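J.: Okay, predicted coordinates and the sequence, questions at the end:
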Amino acid sequence: MRALHAALCLLVLVGAGCGTPGSGHDTLYQVSTLDALVAGQYDGVVTAGELLDHGDFGLGTFHGLDGEMVVLDAEAYQVRMDGHAMATSARVKAPFAAVTWFEPDITRQVEGPATLEDLHAQLDSMLPSRDGVYAVRIQGEFDVVKARSVPEQKKPYPPLKEVLEHQAVFNFRHKRGTLVGFYCPESLRGVNAAGYHLHFLDELCVRGGHVLDCRMQRGTISLDTTGEVHLVLER
Ligand SMILES: [Zn+2]
């Protein structure tokens, strides 16, 4: 009898991890691919509870594209269309998400003001290699964070490009908080977002979203080398 919950998992080595091979702590645990999400695959695959079994830090979205996901300090948050963040139930499923255990390998203090482009340049100068996957955590004081969330979708799901025409954009001012995300290499384009992909959560964990731009006064950038990718395509 065929297993009802067949899991197709791929393990991809993308660089030299710093931890013990197979320990899982330097592994990006990813649900589905960005290309599948862009095409309109918004059915949840893995629960938030399962994600938190594989990492305490990351980002993603929710079943039906119901908002932006931020995973920070072992808690998963959902940011809906009004920009409010709230802790999610462990049972809510994600059609696309990526998490890891965040253990900083490289840290740098930044004096601003720094736009998102400035932060990308700082990060570029910190990356040990352009070929690896790195978890990126930027904790700081922000004059402004421009972020977005997306409206929940019903079937038949439209492609992501159409949904983004109806995105909600927020300008959060004078917030302390954290940018949470990843750098992925060109070789993973389509599997994930090539380059930087960051979500925001304020320090009270009540506001957030997918980051479009920002101006940070000061803060701390931390990078965690993530040498392996564990890709879950279906359950
Ligand atoms: Zn995003």
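T.: Yes, it's here. Residues are numbered from 1 along each chain as shown.
J.: Just to be sure, residue 123 is in a helix?
T.: Yes - checked against DSSP: H, G, I helix; E, B strand; the rest coil, residue 123 lies within a helix.
J.: give me every residue that touches residue 72.
T.: By Cβ atoms under 8 Å, 6 or more residues apart in numbering, the residues touching residue 72 are 56, 57, 178, 180, 201, 205. (Glycine included, C-beta is placed from N, CA and C.)
J.: what number of residues lie near the second one?
T.: Neighbour count of residue 57, defined by other Cβ atoms under 10 Å: 23.
J.: ok, and the closest non-adjacent residue to it?
T.: residue 102 (3.7 Å; Cβ to Cβ, 6 or more residues apart in numbering).
J.: Need the pLDDT of the one you found.
T.: For residue 102, the model assigns a pLDDT of 98.
J.: and if you look at residue 143?
T.: On the pLDDT scale, residue 143 is placed at 98.
J.: Please report how far it lies from residue 211.
T.: 14 Å (Cβ to Cβ, to the nearest Å).
J.: Residue 198 now?
T.: 4 Å.
J.: These two: which has the busier surroundings?
T.: residue 198 (26 against 23).
J.: helix, strand or coil for the more buried one?
T.: Residue 198 is classified as strand under three-state DSSP.
J.: Does it touch residue 179 like I think?
T.: Yes - if you go by Cβ atoms under 8 Å, residue 198 and residue 179 touch, sitting 4.4 Å apart.
J.: Overlap of the contact sets of these two?
T.: 136, 138, 211.
J.: quick check, nearest of those residues to residue 224?
T.: residue 136 (8.1 Å; Cβ to Cβ).
J.: Which strand in the chain has the most residues?
T.: Determined from DSSP state E, the single longest strand within the chain is strand 208-226.
J.: Which neighbouring elements make contact with that strand?
T.: Applying 3 or more Cβ pairs under 8 Å, 6 or more residues apart in numbering; DSSP states H and E, one finds that strand 208-226 contacts strand 68-72, strand 75-79, strand 106-115, helix 116-126, strand 133-149, strand 168-184, strand 195-202.
J.: buried set for the last one?
T.: It stands for strand 195-202. 196, 197, 198, 199, 200, 201, 202 (16 or more other Cβ atoms under 10 Å).
J.: ok, now stretch 132-142?
T.: Neighbour-count burial for stretch 132-142 [16+ other Cβ under 10 Å]: 132, 133, 134, 135, 136, 137, 138, 139, 140, 142.
J.: Good, we can wrap up now.
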